[in-house]
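S.K.: mind looking at a prediction? Sequence and model below.
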Amino acid sequence: MMENSNPMIKITNVHKVFNKKLHVLCGIDLEVNSGETIVILGPSGSGKSTLLRCINLLEEPTAGSIEVDGTIIHAGENSKQRDAQILDIRKKTGMCFQSFNLFPHMTVLENIIEGPVTVLKQQKNEAIPYAEELLDWVGLTEKRDEHPSRLSGGQQQRVAIARSLAMKPAVMLFDEPTSALDPELIGEVVDVMERLAKEGMTIIAVTHEMHFARDVADRVLIMEQGVWLEEGTPEQIFSHPKHQRTRQFLTHILQ
Amino acid sequence: MENTTTDQQTPIILSRIPPEAEATLHGIEVKKTRYRRNLIIAFAVLITLMVATLIIIGLDFKFMIKWVPFILTGIGYTLLVSFLAISLACFLSVAGALGRLSLNPVLNSIATSYVSLVRGTPLLVQVYMWYIALPQIGKSLEDLGITGVQALFTLPAIPAGILALGVCYGAYMTETVRAGIQSIKIGQIEAAKALGMTNSQAMRRIIFPQAVRVIIPPVSNEFIAMIKDSSLVSLMGVWELSFRAIKIGRRHFQSLEMLIMVAMIYWVMCFILQLVQEKIETHMARGDRGTS
């Protein structure tokens, strides 16, 4: 891993207000280094997903700035390059959703090459070999020509991960990737995420998978009501939480 | 909810079904067969009754057969007007739907007023507008000093009919297309955006192809309605199907024969379209039927 003095992601004083009054994020700062795996925990409604969606600008932050791999966006700024910068950040950022959101009218392979072909303007036959490689990597080579509706939830999420990786992103964002899955299918998705972390991908995951948070994450952050409650290594957070609220929350989700 | 099918469908092992269950299954099968048989009988009786009625009232079949070729020559106009008008309507409806969903105030207001105005006025009035009233607008403009407008605005019957039908159906279909686009889950747009697609790429590659599946049945409906509404161009003296039938019927005082015949011709055309629609639907549905 190349040592990089600049962080891969730098979030500075980000606020998000919905409908003029719902203050979801209240001045969030976060720096993530290249190759780091971050897990964000917190009670539902605390703003974890909103923060993740602000990073790739699916939500426009109300204040603050977002920097991903050298591209910086300031909230409320209106410049000509802004739209292009947003697209640039999205190309560098892969995102996996709770509900997979595969394109149902396309086969698995078509889903994976869609980004490279439409966004990166690659030729189909140029994009296919890498797509097949990714498909093999997530263990779904035999599903290449199936439509998503024929796959289980776990398989769909693995295809969704491959679809994001086809863009060769610098960062992967996981927004509760296992929450919509039947318990017996969670393992296969977490396994893929774990391998991705081991291969040096920069990852920010919102997940309640304790195994992933404890054993794979480099850092765990707890969010509550739009601010960071606590931050530390998994060891610190799980064994010696500083705050009473953190302890309460952890006992709640660990039982 | 997203579906959660397992990798392979587990094969059902037939030998485990107990005999009393076999009897129930057999009963269900018998009921199904009986229903199908009765349905066929009902249809057969209905058709026989209709044919018998036509014979009893002394319908002149020879007269009908004699004029079939003449009436059928009008089918060309009917199909020409319908196909061109539906093409225009398709184009207008996609543009209209994008306008209705647009955040641009100019485009949005144009699309919204188009739908409201055209849907809120009778097609009959619109047909006359295009045919009789438009030249008057041309004349007024000509009087204001814009030369050549009157000739441009004076339309022959067929183009006027195509415009009237196309613009009218375009307005109805705008709402169909808009609803189709809006029926696609927000997650699809977000997934497309997360890949770095622009709005127009997401619309073309992800949203629209999915919306098309949703709107095929209602659009086929519109097309079938249009085939029949194309008879309105007979108001402008175009020798299409119904115009011919009505003329001949009146001339020989045998309107009943002619009207029944032309009704059957329309029905056969619409029946064929219905079959085409079903084909397209099955074709489109491949892949995403499953459990979703």
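M.R.: Done, it's in.
S.K.: helices along chain B, start to end?
M.R.: With DSSP state H, the ranges of helices along chain B come out as B:19-56, B:61-72, B:75-101, B:105-119, B:123-128, B:134-143, B:149-153, B:157-182, B:186-194, B:199-202, B:208-229, B:241-251, B:255-285.
S.K.: pick the most buried one from those helices.
M.R.: Per-stretch averages of neighbours, counted by mean count of other Cβ atoms under 10 Å in any protein chain shown, single out helix B:157-182 among the helices of chain B, with a mean of 22. All C-beta atoms are positioned from the backbone trio N, CA, C, and that covers glycine.
S.K.: so which of the helices of chain B gets nearest residue A:37?
M.R.: Between residue A:37 and the helices of chain B, the shortest gap by Cβ to Cβ is with helix B:186-194, which sits at 19.6 Å.
S.K.: can that closest one be said to contact chain A?
M.R.: Yes: Helix B:186-194 lies within reach of chain A by Cβ under 8 Å from any Cβ of the partner chain, at B:187-188, B:190-194.
S.K.: got those as CSV, with distance to residue B:260 and pLDDT columns?
M.R.: Below are the residues of helix B:186-194 next to chain A laid out as CSV (distance: Cβ to Cβ, whole Å; pLDDT from 0 to 100):
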residue, distance to residue B:260, pLDDT
B:187, 53, 96
B:188, 49, 97
B:190, 56, 97
B:191, 55, 97
B:192, 53, 97
B:193, 57, 97
B:194, 60, 97
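S.K.: dump the residues you listed to TSV, plus distance to residue B:203.
M.R.: TSV is the format used below for the residues of helix B:186-194 next to chain A (distance: Cβ to Cβ, whole Å):
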residue	distance to residue B:203
B:187	15
B:188	11
B:190	14
B:191	14
B:192	9
B:193	11
B:194	16
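S.K.: which of the residues you listed lies closest to residue A:105?
M.R.: Distance ranking of the residues of helix B:186-194 next to chain A against residue A:105, using Cβ to Cβ, places residue B:188 first at 9.7 Å.
S.K.: off-centre distance for stretch A:47-61?
M.R.: Using Cα atoms, centre = their mean, to the nearest Å, the mean C-alpha position of stretch A:47-61 is found 10 Å from that of the whole chain.
S.K.: buried ones in it?
M.R.: Of the residues in stretch A:47-61, those buried by neighbour count under the rule 16 or more other Cβ atoms under 10 Å in any protein chain shown are A:47-59, A:61.
S.K.: and for stretch A:240-252?
M.R.: With burial defined by 16+ other Cβ under 10 Å, the residues of stretch A:240-252 counted as buried are A:241, A:246, A:249-250.
S.K.: so what touches it?
M.R.: A:41-43, A:222, A:224, A:229-230, A:232, A:237-238 (Cβ atoms under 8 Å, 6 or more residues apart in numbering or on different chains).
S.K.: what sits closest to residue 138 if chain neighbours are left out?
M.R.: By default, I'm working from chain A. Using Cβ to Cβ, 6 or more residues apart in numbering or on different chains and skipping residues adjacent in sequence, the residue nearest residue A:138 is residue A:158, 4.1 Å away.
S.K.: please go with chain B instead
M.R.: Ranked by Cβ to Cβ, 6+ apart and with sequence neighbours excluded, the top spatial neighbour of residue B:138 is residue B:153, at 3.0 Å.
S.K.: isn't the one you found up against residue B:132?
M.R.: No: contact criterion Cβ atoms under 8 Å: residue B:153 and residue B:132 do not qualify, at 11.2 Å.
S.K.: got JSON lines for the buried residues of stretch A:240-252, with secondary structure and pLDDT too?
M.R.: Putting the buried residues of stretch A:240-252 into JSON lines (DSSP: H, G, I helix; E, B strand; the rest coil; pLDDT from 0 to 100) gives the following:
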{"residue": "A:241", "secondary structure": "coil", "pLDDT": "91"}
{"residue": "A:246", "secondary structure": "helix", "pLDDT": "91"}
{"residue": "A:249", "secondary structure": "helix", "pLDDT": "89"}
{"residue": "A:250", "secondary structure": "helix", "pLDDT": "89"}
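S.K.: chain A against chain B: which residues are in contact?
M.R.: Of all the residues in chain A, those lying near chain B are A:56, A:58, A:87-88, A:90-91, A:93-95, A:97, A:99-105, A:107, A:114-115, A:118-119, A:147-153, A:155-156, A:160, A:163-164, A:167, A:180-182, A:185, going by Cβ under 8 Å from any Cβ.
S.K.: from the residues you listed, keep the buried residues only.
M.R.: In terms of neighbour count (16+ other Cβ under 10 Å), the buried residues within the residues of chain A next to chain B are A:56, A:58, A:87-88, A:90-91, A:93-95, A:97, A:99-105, A:107, A:114-115, A:118-119, A:147-153, A:155-156, A:160, A:163-164, A:167, A:180-181, A:185.
S.K.: center of the chain - which residue?
M.R.: The chain I'm using is chain A. Taking Cα atoms, centre = their mean, the centroid of chain A lies closest to residue A:173, which sits 1.0 Å from it.
S.K.: sorry, I should have been clearer: chain B.
M.R.: Centroid-nearest residue in chain B, with Cα atoms, centre = their mean: residue B:223, separated by 2.1 Å.
S.K.: show me the contacts for the residue nearest to it when sequence neighbours are not counted.
M.R.: What sits nearest to residue B:223 in space, not counting adjacent residues and going by Cβ to Cβ, 6+ apart, is residue B:86, at 5.3 Å. Contacts for residue B:86 were tallied using Cβ under 8 Å, 6+ apart; they are B:166, B:169, B:222-223, B:226.
S.K.: go with 7 Å
M.R.: For residue B:86, the residues meeting the contact criterion (Cβ atoms under 7 Å, 6 or more residues apart in numbering or on different chains) are B:169, B:223, B:226.
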